[in-house]
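Colleague: give me coordinates for this.
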Amino acid sequence: MTFDSRATSRLAAILFTVLLIQIAVIPHFRVAGYVIDLPLIAVLLISLRLSAPNGALTGFLVGIAIDLVIHTPFGMTALTFSLAGYAAGTISSQIVERNMATRALAVALLAATTTTIFACIGALIGLEYVTRRELGAIALVTAGASLPITAFSDPLLRWAFPLPSVQINE
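Modeller: I've put the predicted structure just below:
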């Protein structure tokens, strides 16, 4: 099944709102001194309702938007979010019909793994600031924050994507 114009509009509105909140609000509310990666959590939650290629596409588009704002090499976030979206889309058929706690734990695990992959990609290209000793704490904060965010945003995603799995392209 393909997206209709309403589903595409809902997806765009959700992602635009998430990006605005990440840029304008989230930096002022730190958890244990670290900023929550709300766009990553949104990509994972949305990709759980999409197929793997569509999850990767969503991750890429959100990652490019984030790369325009943060000071990392251009494309690094897009690459990492694409991998995360693909992974979430791969497990979507097993997770989307489960209870919310299972989805929240899956998102937390994927968020921690993606944060670690981001740091590993940074280390491969010689960036020192992403391989700090606090990597475990950053991954835990992102994973911990994803649990209540998943609970809060699950009804919104059910409204935006009423079918268990939808396709952007075929």
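
Colleague: what is the helix or strand hosting Leu147 packed up against?
Modeller: Here Leu147 is covered by helix 135-160, with elements defined by DSSP states H and E. Secondary-structure packing of helix 135-160 (3 or more CB pairs under 8 Å, 6 or more residues apart in numbering; DSSP states H and E): helix 5-24, helix 38-47, helix 100-124. Where C-beta positions appear, they are placed from N, C-alpha and C, glycine not excepted.

Colleague: now the longest one: buried residues?
Modeller: Pointing back at helix 100-124 there. For helix 100-124, burial by neighbour count (16 or more other CB atoms under 10 Å) applies to 103-108, 110-112, 114-116, 118-119, 121-122.

Colleague: can you flag the weakest of the helices and strands packed on helix 135-160 by average pLDDT?
Modeller: Comparing mean pLDDT across those, the weakest is helix 5-24, with a mean of 87.

Colleague: ok, back up a step: quick one: which of the helices and strands packed on helix 135-160 is nearest Leu156?
Modeller: Nearest of the helices and strands packed on helix 135-160 to Leu156, taken as CB to CB: helix 5-24 at 7.0 Å.

Colleague: what's in contact with that closest one?
Modeller: 3, 37-39, 42, 46, 58, 61-62, 65-66, 69, 156-157, 159-161, 166, 168 (CB atoms under 8 Å, 6 or more residues apart in numbering).
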